[in-house]
Every structure is written in structure tokens, then in C-alpha cells.
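> Give me the fold of what follows.
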Amino acid sequence: MSKGSSYWGTATGKIGNTVVRVRKGVRVESAYQPNVTNPRSSGQVVQRGKFSDAVGFYKRAMANFFRMAFEDKKTNETDFNAYMRHNVSRGYVYSRQMVTGGEGALPYIGKWLLSYGSLYIPQLAMQPSGINFTKLMTGVTAETPTMGDMFAVWISSGYAQEGDIFTVVRVLSSADGAGYDEYSDETLGLIPGFTYTDVLPAGAAPKWSVDQYIVSAKSPGKVSEQRWAKIEGALISFDDMGTAATPSARAAAVILTRKTANGLLCSTSPLVWDKTAETMMEQMGTDNWLEGQRKAWSSQNVILAGALV
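Here you go, the predicted model:
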């Protein structure tokens, strides 16, 4: 493959045995492949499944007006390609039941990075009872702290500045993983995938919530009054988004960003899932599960056509 060759001028398309494309103003030439094989090895099926999962999550984020940030985004790289470069290996492979049975409710679970950069911010932590934000409050001594009290500690600690942007992202899914299991070694028959609780209307896509604050030691409002803060045990709250008796897959992330003359700086911030989702990911990561998916998807040739997205 070559870039920017002047041989073809402004032409694009197939010319002889060469395919010419223009991507963000740069001409790219590659050899024409008349016979594209469709290999179905275990590794290739898994790779394609993870790719589809990552694409699905990105589209869900875009649909909720959330734009991710990557400091190392290249000049001629799209936002999508920067995201995929960091996240394509972080997804999972779903069964056909998971894809078709949820009627749009598929949570697109993965260990996603929502931002990647040089800034530091204390990260959330998954624990059995929920997603904990205690580290955000390290060093805060006020009995009923305000957002300004928390930001003042961040500023004095040197990792935040007045005027930075603090973002809290929450994702609520109705998928609970009940009835979910690995494949049988004997039959490799499909086991029903995610079931869906009444936390959201039947077939509803996961709900997103994005809260943003300007970092300032004078910021008003108690931390406990923020809709994402369940101060008992310092857990991220989803109560304003929907509740159900049965736990469902939920996730949250905290991101710090800063505008500079040289561009946007950001923290490296993963999306942290709760125990329900972590259990799903553990099960979907087993060799038995992946082998079952390879056989199922390869025989149907559905995932190769992009069925997950």
C-alpha cells in the first residue's frame, strides 16, 4: 500500500490491479484483491466478533451525543479510527440469541476506554455492591462536602486546574445475564443469552447519562446532591435512570479534560462495569464459550456480514 502517489492524479476507484481511495485528503493506493477469502478460524471469528462489539458500542455512544477523546489521535485519523485503535481488542463475542433476543437492548459490554491521555484523575472501582467513587474523595475532610471541596483537593494535589472539565458518564442496561451459561462440551448447543429485567421498558436500548462540571474550588452544591452520587458507601447511583429488584448491567466512568493552546488534554478513563457485567464478561471469555461461538457463527456466516451492528 502507498499513500499520496501522484501517478494517478485525482482519479479514484479500481485502475488496473490497483485500487485508489482518498481518505481525509490523502490518496491511498492498494493492490486489488479479486478473490477475498472468508476464513473462519477460531481466532478470526473472535476478532471479528470483538470488532462488531466495539463498533456497536461506538454507535451507541454517538447516538447519545457522547464523543470520546484520545490525545494521541493522528492528524489524518478519524474519531472512529482513534477509538477503534484503542478498543477493538476490548470487546466480546455474543451468541445469536444475545444479538437477536434483546430487541435493541444489547449492552455492548466491553472493557472500553472512553478517553486516553496524559491527565490523571482517581478512577472508579468495581466492588460487589456497586461502582465505588471513594477515590474521588481522597483527602476531602468536610463532613458534607461540596463539589468545590472535592475540586479544591484535586487542585491542591496538582492533577487538576481551575477551569478543567469533570465528566461523569453512566450507562444503565436492563441485561442481567440470568439463564446465561457456557456451551455444552457435548452438544455445543446454544444456551439462551441475556435476559432482560424490568429496569427499562422491554426492548429499550441502554440509557446514557452525562454530567459535566467546571472544576472550581468555589463550585456550589453538595456531592451527595448530585444525581450520580449515592453517598451511602460512596457508590455511583443509577436511581434516577431506572431501578429494578434484579441487578442489571451498569457502568460508569469519570473523565478529566483540559483545553490548551495545543489541543485538548484528557485523562485515561475506562468504563467501569458492575459485578453483573463483570460476571458476563468472565463467562464470555472462557475457551468453551469462544469455541461454541466460533462454530455457531461460522456455520451461519452471519457475524461476517456485520450482524452484530
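
> So what's the residue count around the closest residue in space to Gly263 that isn't next to it in sequence?
Of all residues not flanking Gly263 in the chain, Glu71 sits nearest, at 7.7 Å (CB to CB, 6 or more residues apart in numbering). Glycine gets a C-beta too; all of them are placed from N, C-alpha and C. Neighbours of Glu71 under the rule other CB atoms under 10 Å: 17.

> wait, doesn't Glu71 sit right on Ser267?
No. Contact criterion CB atoms under 8 Å: Glu71 and Ser267 do not qualify, at 9.6 Å.

> Give the residues shared as contacts by those two.
By CB atoms under 8 Å, 6 or more residues apart in numbering, Glu71 and Ser267 have these common neighbours: Gly117.

> Show me the domain layout of this protein.
Domains of the chain are assigned by automatic domain parsing as 1-36, 37-305.

> Can you add mean pLDDT and give those domains back as a markdown table?
A markdown table is the format used below for the domains of the chain (pLDDT from 0 to 100):
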| stretch | mean pLDDT |
| --- | --- |
| domain 1-36 | 55 |
| domain 37-305 | 84 |
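
> Can you say which of those domains is packed in most?
Stretch with highest mean neighbour count among the domains of the chain: domain 37-305 (a mean of 17; mean count of other CB atoms under 10 Å).

> Where do the helices of the protein begin and end?
Assigned by DSSP state H, the chain shows helices spanning 42-63, 79-87, 96-101, 147-157, 275-284, 287-300.

> any chance of these in JSON lines, with distance to Val171 too?
Below are the helices of the chain laid out as JSON lines (distance: least, CB to CB, whole Å):
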{"stretch": "helix 42-63", "distance to Val171": "8"}
{"stretch": "helix 79-87", "distance to Val171": "15"}
{"stretch": "helix 96-101", "distance to Val171": "17"}
{"stretch": "helix 147-157", "distance to Val171": "22"}
{"stretch": "helix 275-284", "distance to Val171": "10"}
{"stretch": "helix 287-300", "distance to Val171": "23"}
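
> out of the ones you listed, nearest to Tyr108?
helix 42-63 (4.0 Å; CB to CB).

> could I get that closest one in CSV with only the CA atoms?
Taking C-alpha atoms only, helix 42-63 is exported to CSV below (Å, rounded to 0.1, in the frame of the first residue of the first chain):
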residue,chain,number,x,y,z
SER,A,42,-11.3,-19.5,15.9
GLY,A,43,-9.1,-16.5,16.2
GLN,A,44,-10.6,-14.8,13.2
VAL,A,45,-14.2,-15.3,14.3
VAL,A,46,-13.3,-14.0,17.7
GLN,A,47,-11.5,-11.0,16.2
ARG,A,48,-14.5,-10.1,14.1
GLY,A,49,-16.9,-10.6,17.0
LYS,A,50,-14.9,-8.2,19.1
PHE,A,51,-14.7,-5.7,16.2
SER,A,52,-18.5,-5.8,15.9
ASP,A,53,-18.9,-5.3,19.6
ALA,A,54,-16.7,-2.3,19.6
VAL,A,55,-18.5,-0.8,16.6
GLY,A,56,-21.8,-1.3,18.3
PHE,A,57,-20.7,0.5,21.5
TYR,A,58,-19.3,3.4,19.5
LYS,A,59,-22.6,3.8,17.6
ARG,A,60,-24.5,3.7,20.9
ALA,A,61,-22.2,6.4,22.3
MET,A,62,-22.7,8.6,19.2
ALA,A,63,-26.5,8.1,19.4
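
> contacting residues for the closest residue to Phe57 other than its chain neighbours?
With CB to CB, 6+ apart as the criterion, Phe57 has its nearest non-adjacent residue at 4.0 Å, and that residue is Tyr108. Tyr108 makes contacts with Asp53, Gly56, Phe57, Arg60, Gly91, Pro206, as judged by CB under 8 Å, 6+ apart.
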